[in-house]
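Asker: My questions concern the predicted model and sequence given below.
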Amino acid sequence: MDLSWVAHFVAIAEAGSMALAARRLHVSQPALSRQIRELERFLGVQLFDRIGRRIALAADGREMLARSRRLLAEAESLRERGVALGGGKGGVLRVGATPQFLEAAMPQVLTLYRRRHPKVEIRLFEGGGDRLLYMVEHGEIHLAIPALKVAEPLRSALLYPLRVLAVMSRQHPLASRRVLTVSDLQKDRLLILGPEFQTRQLFEAACSAARAEPPVLLESQSPQSLIALAAAGHGVAIVPSVVRLSRTGISVAGLVDGTRRPLGGWVRVVWDPRRYLPPHGESFLTILVEHMRHSYPGHHLKLTREVRRPGATDALPARHG
């Protein structure tokens, strides 16, 4: 099997169109169609349903897509290991992050990293915490930032504290409060992130414990959209302290759980110790951890600093010989 067939299959699935994938790959559409037919014959499955001039992933194609991404990631890791053994300084680093972190901290981290590793190609992926952890565990990315909860066999290192915040207009009846419980928001319309975000999961767990069910006006992938609506008086935005809060006309309160502890946790960078992490990936980890010690998203908020640091952190991965 030609590995380029697999790469082209993934490209078509991600583009959602044979014509668009052909343009991105700089190959002719007939040639791309032939490769997919060859791959389907080799695998013995139908990857796409063809509906007129449109295509859509078939049921077998959806399963093969996840496996294909893992295969390409493993092939890339094998090449990176060879480059490292040969003393090369280049390579590819795949990093996943939430939209909030990409906006608030990734630009500075990338600037620091590129100064030391100008030959490394960095590929960024955006998603919620659960999706990013899945991608790490299945070899689709090397590192995920950030995560609040990590289970074996994944490993992690602590980065910075995160607080769940309630953002509202200055005319809101609760605007003068510095601290709120989920029960305080029982009658408010909520503006909240999607269920795949771990901040949302923390908030829902607190609501469940308090038997509170505040009405939800909007679920969004964009925290800035939630803050904009809150600033205009259309509800209370539930967002993590990693988001930028430069908008005027808002009031911010920290949420607490039923025991009055700050609702939040410590953000971690996550990797899979079962998979090869190239030296330039280890260097990214070191730069990231060091930078977050003195400049992390939300460090100017006392509400964030009230989140207690866990007792221990996992060690960074040992250098490969």
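Answerer: Structure received.

Asker: quick one, strands of the stretch 151-300 of the chain?
Answerer: Under the criterion DSSP state E, counting those that start in this stretch, the stretch 151-300 of the chain carries strands at the ranges 155-169, 179-181, 190-193, 216-220, 236-240, 250-256, 264-271.

Asker: I'd like those strands laid out as TSV, including mean pLDDT, distance to L303 and mean neighbour count.
Answerer: Quick note: C-beta positions are derived from backbone N, CA and C, even for glycine. TSV is the format used below for those (pLDDT from 0 to 100; distance: least, CB to CB, whole Å; neighbours: other CB atoms under 10 Å):
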stretch	mean pLDDT	distance to L303	mean neighbour count
strand 155-169	95	5	23
strand 179-181	96	8	18
strand 190-193	96	18	24
strand 216-220	95	22	15
strand 236-240	96	11	28
strand 250-256	96	4	20
strand 264-271	94	9	24
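
Asker: In a markdown table: these, plus distance to I12.
Answerer: Shown next, in a markdown table, are the strands of the stretch 151-300 of the chain (distance: least, CB to CB, whole Å):
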| stretch | distance to I12 |
| --- | --- |
| strand 155-169 | 34 |
| strand 179-181 | 48 |
| strand 190-193 | 31 |
| strand 216-220 | 29 |
| strand 236-240 | 35 |
| strand 250-256 | 44 |
| strand 264-271 | 29 |
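
Asker: Nearest to V120 among these would be which one?
Answerer: strand 264-271 (16.2 Å; CB to CB).

Asker: which strands and helices sit next to the closest one?
Answerer: helix 129-137, strand 143-147, strand 155-169, helix 279-294 (3 or more CB pairs under 8 Å, 6 or more residues apart in numbering; DSSP states H and E).

Asker: ok now that strand, how far from the chain's centre?
Answerer: 11 Å (CA atoms, centre = their mean, to the nearest Å).

Asker: ok, now stretch 182-191?
Answerer: Worked out by CA atoms, centre = their mean, stretch 182-191 lies 27 Å from the chain centre.

Asker: Send me it as CSV with only the CA atoms.
Answerer: The C-alpha trace of stretch 182-191 is given here as CSV (Å, rounded to 0.1, in the frame of the first residue of the first chain):
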residue,chain,number,x,y,z
VAL,A,182,-23.9,28.3,40.9
SER,A,183,-27.1,28.7,42.9
ASP,A,184,-26.7,32.5,42.7
LEU,A,185,-27.1,32.1,38.9
GLN,A,186,-30.2,29.9,39.1
LYS,A,187,-32.5,32.5,37.5
ASP,A,188,-30.0,34.0,35.0
ARG,A,189,-29.7,33.1,31.3
LEU,A,190,-26.3,31.5,30.8
LEU,A,191,-23.8,31.9,28.0
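
Asker: Now do the buried residues in that stretch.
Answerer: Within stretch 182-191, the residues that count as buried by 16 or more other CB atoms under 10 Å are V182, D184, L185, D188, L190, L191.

Asker: The fourth one: what's its closest spatial neighbour, skipping adjacent residues?
Answerer: Spelled out, it's D188. V236 (4.7 Å; CB to CB, 6 or more residues apart in numbering).

Asker: lowest-pLDDT helix or strand in this protein?
Answerer: One helix or strand of the chain scores below all others by mean pLDDT, DSSP states H and E: helix 59-85, with a mean of 76.

Asker: Among the buried residues of stretch 182-191, which pair sits farthest apart?
Answerer: D184 and L191, at 15.7 Å, using CB to CB across the buried residues of stretch 182-191.

Asker: wait, which of the buried residues of stretch 182-191 is closest to A75?
Answerer: L191 (42.6 Å).

Asker: Contacts for stretch 237-245 next, please.
Answerer: 98, 100-101, 103-105, 146, 161-168, 190-193, 197, 199-200, 203, 223-224, 226-227, 229-230, 252, 255, 264, 267, 297-298, 301, 303-304 (CB atoms under 8 Å, 6 or more residues apart in numbering).

Asker: now stretch 299-311
Answerer: 158, 160-163, 165, 178, 241, 245, 252-254, 261-262, 264-266, 298.

Asker: buried stuff in it?
Answerer: So, applying 16+ other CB under 10 Å, buried residues of stretch 299-311: L301, L303, T304, R305, V307.

Asker: where in this structure is pLDDT low?
Answerer: 1, 53, 77-90, 312-316, 318-321 (pLDDT under 70).

Asker: so L43 touches R67, yeah?
Answerer: No: judged on CB atoms under 8 Å, L43 makes no contact with R67 at a distance of 9.9 Å.
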